[in-house]
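> Sharing a model prediction with you, sequence too.
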Protein chains: 4
Amino acid sequence: MPPTDRFVATAQFHVRYAETDAQGVVHHASYVIWLEEARLNYARVRGRDYAEIERAGIFMSVIGVEIRYRAAAHFGDYITVHCWLDEVKSRTMAFGYEVMVGDRLCATARTDSICITREGKVTVWPKFMSEWYGNQP
Amino acid sequence: MPPTDRFVATAQFHVRYAETDAQGVVHHASYVIWLEEARLNYARVRGRDYAEIERAGIFMSVIGVEIRYRAAAHFGDYITVHCWLDEVKSRTMAFGYEVMVGDRLCATARTDSICITREGKVTVWPKFMSEWYGNQP
Amino acid sequence: MPPTDRFVATAQFHVRYAETDAQGVVHHASYVIWLEEARLNYARVRGRDYAEIERAGIFMSVIGVEIRYRAAAHFGDYITVHCWLDEVKSRTMAFGYEVMVGDRLCATARTDSICITREGKVTVWPKFMSEWYGNQP
Amino acid sequence: MPPTDRFVATAQFHVRYAETDAQGVVHHASYVIWLEEARLNYARVRGRDYAEIERAGIFMSVIGVEIRYRAAAHFGDYITVHCWLDEVKSRTMAFGYEVMVGDRLCATARTDSICITREGKVTVWPKFMSEWYGNQP
């Protein structure tokens, strides 16, 4: 269950046929793309398009991914990904995720990101991003 | 059959599991990636690493793809892609391809590329690239 | 422009970050996935979920892809793909496509599909699919 | 550093252009595909092609992925992935990984797999696979 005291953004989309594999299920690497979709949707729902964030010279770079797969997803399934901010430090940001098909939990996940400049230097998060953590809309 | 009067570069690799789909065969989009592998291998065999070509400010941009699928490829198959230069004009370059599994022809293809500068302007091919056409090593 | 005398289904989605490449634009292979999304959306809009079609033992297999790229798409772009049935014969079906970002035409495309059984045998299209061609909703 | 008391299989390949993203580096999801390549290469080096393993009705299903990204990889890089068996229990198997570009460590990773039958039931590993752990060739 997503935390009840945190802002949770929900992304939804169909499974793409190309995301399946010869075992007849969604390939486990496809979830990493879905987490990114959910994370960028989080920014969008918070009022910031990530494309604009990058144009302003702020780049989120993923430094860690952890996924636990609980149940398979299939072509034809409609995917729901709940995404929330799990932890924010000056230079790192962790998102939590739940990947669902209806009531069925398919995966839980966490990603860690750092903030880098256009020149590739690690820097602190801009205020509007670090405030995502506490700010309950 | 690849043309006998043209230089033909051959790329080989295993099918990746993630390239398959729920029909149990290689997904048709995976071939587009394989053609790119074969095209960049062509440059490499001709003595030029494409990464270096881009560092010199020359970017190949694909403007057309045509693929005819003849037979399915499967996980476990070892893929051979023959690639040759089909046509070179001052501003366009067409590669031809055959995708094989052993003696079995899985697909034939053609891609068209243009040459663009770092600023995104269309330009003529550098001499060393346009010479690929006639120059039989 | 999509044909005015044919049913046109429109699929829309954001560019995914993973669909871009080091040239800063959407990689040309990503369009093949988008065409599939548009084609399966066409079936859905016509009242048939492709997952159900497969469960009934009917498999669409792509035997040809042709794409002409006109303008680059970028992360942050919202993609519209118009998709229509271009030609239907007893054993082949051709879809036409236009990939747009707003008013900008990014690509035109055509794919050819055949109908295969669960055993992998080529067969004729079921009536409800071949009727898609003439039937204007 | 890979463990010195364990069998380590090494897979090598070029970065594919399609694996890069608009930040100019390899997209973090591409590593998940590379880990799979390294894992299937491990089986191959151990004398078993994974395609044959599946034909025998044994399916490895990934239930967990953890990756720590240490340094970016770029188009033009030649990737080396060291892969070893980290832990084997009757029903789970954990692989460890190091992703290198030359002497530079780009990522460390671990995946957990379970063994499933053709019918999708969890089962114990076949003897030849569980013996991979202790058996030093």
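Received it, and whenever you're ready, just let me know what you need. Numbering: from 1, shown residues only, chains lettered A, B, ... in the order given.

> Please count neighbours and contacts with C-alpha atoms only from this point.
OK.

> Thought D:Glu36 was touching A:His28, still the case?
No: look at A:His28 against D:Glu36 with Cα atoms under 8 Å: they stay out of range, at 9.9 Å.

> Name the residue in the two with the higher neighbour count.
Taking other Cα atoms under 10 Å in any protein chain shown, A:His28 and D:Glu36 do not tie; A:His28 has more neighbours (26 against 19).

> got a list of what that one touches?
D:Val62 (Cα atoms under 8 Å, 6 or more residues apart in numbering or on different chains).

> Assumed it was part of a strand.
No: counting by DSSP: H, G, I helix; E, B strand; the rest coil, A:His28 is not part of a strand but coil.

> Now name the helix or strand holding the spatially most central residue of chain A.
The centroid of chain A falls nearest to A:Arg39 when counting by Cα atoms, centre = their mean (3.0 Å). With secondary structure defined by DSSP states H and E, A:Arg39 is part of helix A:30-45.

> Packing partners of the helix or strand that that helix is followed by?
Where DSSP H and E defines the elements, the next helix or strand beyond helix A:30-45 is helix A:50-55. Taking 3 or more Cα pairs under 8 Å, 6 or more residues apart in numbering or on different chains; DSSP states H and E as contact, the helices and strands that helix A:50-55 lies on are helix A:30-45.

> neighbouring strands for the strand ranked longest in chain A, and are they parallel or not?
Looking across chain A with DSSP state E, the single longest strand is strand A:104-117. Partners of strand A:104-117 in the sheet, by DSSP bridges, are strand A:58-69 (antiparallel), strand A:92-101 (antiparallel), strand A:122-123 (antiparallel).

> will you turn those strands into TSV that also has mean neighbour count and mean pLDDT?
Shown next, in TSV, are the strands paired with strand A:104-117 (neighbours: other Cα atoms under 10 Å in any protein chain shown; pLDDT from 0 to 100):
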stretch	mean neighbour count	mean pLDDT
strand A:58-69	21	98
strand A:92-101	22	98
strand A:122-123	16	96
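
> Touching the helix holding A:Arg39 from outside, list them.
A:8-11, A:19, A:49-50, A:81-84, A:95, A:97, C:16-18, D:29.

> Distance from the chain centre to that helix, please.
Put simply, helix A:30-45 sits 4 Å off its chain's centre (Cα atoms, centre = their mean, to the nearest Å).

> got it, and stretch A:16-36?
15 Å.

> and the closest residue to A:Ala22 other than its chain neighbours, how many residues sit next to it?
Leaving out its chain neighbours, the residue that sits closest to A:Ala22 by Cα to Cα, 6 or more residues apart in numbering or on different chains is B:Gly24, at 4.2 Å. B:Gly24: 16 surrounding residues under other Cα under 10 Å.

> Which of the three states applies to B:Gly24?
Classified using three-state DSSP, B:Gly24 is coil.

> ok, it touching A:Asp21?
Yes: in terms of Cα under 8 Å, B:Gly24 counts as a neighbour of A:Asp21; the distance is 7.0 Å.

> quick one: buried residues of stretch A:101-118?
By 16 or more other Cα atoms under 10 Å in any protein chain shown, the buried positions in stretch A:101-118 come out as A:101, A:105-116.

> so A:Cys83 bridges to which residues?
A:Cys83 forms beta bridges with A:Ala9, A:Tyr97, as assigned by DSSP bridges.

> distance of it from B:Lys89?
From A:Cys83 across to B:Lys89, the span is 50 Å (Cα to Cα, to the nearest Å).

> With neighbour numbers in mind, choose between the two.
Using other Cα under 10 Å as the criterion, A:Cys83 and B:Lys89 rank with A:Cys83 on top: 29 against 12.

> Isn't the more buried one up against A:Thr10?
Yes: if you go by Cα under 8 Å, A:Cys83 and A:Thr10 touch, sitting 6.3 Å apart.

> how about low-confidence regions in chain A?
A:135-137 (pLDDT under 70).

> Let me know the outermost residue of it.
A:Ala22 (26.1 Å).

> who touches that residue in this structure?
B:17, B:20-25, B:75.

> ok, 6 Å please
Applying Cα atoms under 6 Å, 6 or more residues apart in numbering or on different chains to A:Ala22 gives the contacts B:20-22, B:24.

> Serialize the residues you listed to TSV and add fields for distance to A:Arg44.
Listed next are the contacts of A:Ala22 as TSV, based on distance: Cα to Cα, whole Å:
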residue	distance to A:Arg44
B:Thr20	32
B:Asp21	31
B:Ala22	32
B:Gly24	36
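
> Which pair in the residues you listed has the greatest spatial separation?
By the measure Cα to Cα, B:Thr20 and B:Ala22 form the most distant pair in these, at 7.1 Å.

> And the residue nearest to A:Ala22, how far from chain D?
Distance, B:Gly24 to chain D, using Cα to the nearest Cα, to the nearest Å: 12 Å.

> one step back: give the residues shared as contacts by B:Thr20 and B:Ala22.
A:21-22.

> ok, back up a step: pull out the buried members of the contacts of helix A:30-45.
Using 16+ other Cα under 10 Å, the buried ones in these are A:8-11, A:19, A:50, A:81-84, A:95, A:97, C:16-18, D:29.

> quick check, nearest of these to chain B?
A:Glu19 (7.2 Å; Cα to the nearest Cα).

> And the closest one, how close does it get to A:Val32?
A:Glu19 is 11 Å from A:Val32, by Cα to Cα.

> rewinding a little: put together CSV for the buried residues of stretch A:101-118, with distance to A:Glu66 on each row.
Shown next, in CSV, are these (distance: Cα to Cα, whole Å):
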residue, distance to A:Glu66
A:Val101, 20
A:Leu105, 16
A:Cys106, 14
A:Ala107, 10
A:Thr108, 8
A:Ala109, 5
A:Arg110, 5
A:Thr111, 6
A:Asp112, 9
A:Ser113, 12
A:Ile114, 16
A:Cys115, 19
A:Ile116, 21
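
> Tell me who's in contact with A:Glu112.
Check again: residue A:112 is Asp, not Glu. If you count contacts by Cα under 6 Å, 6+ apart, A:Asp112 has them with A:62-64, A:93-94.

> Could you give the bridge partners of it?
Beta-bridge partners recorded for A:Asp112 (DSSP bridges): A:Gly64, A:Ala94.

> For A:Ala107, give me its contacts.
A:68-70, A:98-99.

> first to last residue in stretch A:84-93, what's the distance?
Start-to-end, stretch A:84-93 (Cα to Cα) is 11 Å.

> Run through who's touching that stretch.
If you take Cα under 6 Å, 6+ apart as the criterion, stretch A:84-93 is touched by A:8, A:94-96, A:112-114, A:124, A:133.

> quick check, nearest of the residues you listed to C:Gly120?
Ranked by distance to C:Gly120 (Cα to Cα), these are led by A:Gly96 at 42.2 Å.

> ok, that closest one - contacts?
A:83-84, A:86, A:109-110.

> again, 10 Å this time
Applying Cα atoms under 10 Å, 6 or more residues apart in numbering or on different chains, we find A:Gly96 in contact with A:2-3, A:8, A:35, A:39, A:66, A:82-87, A:108-112.
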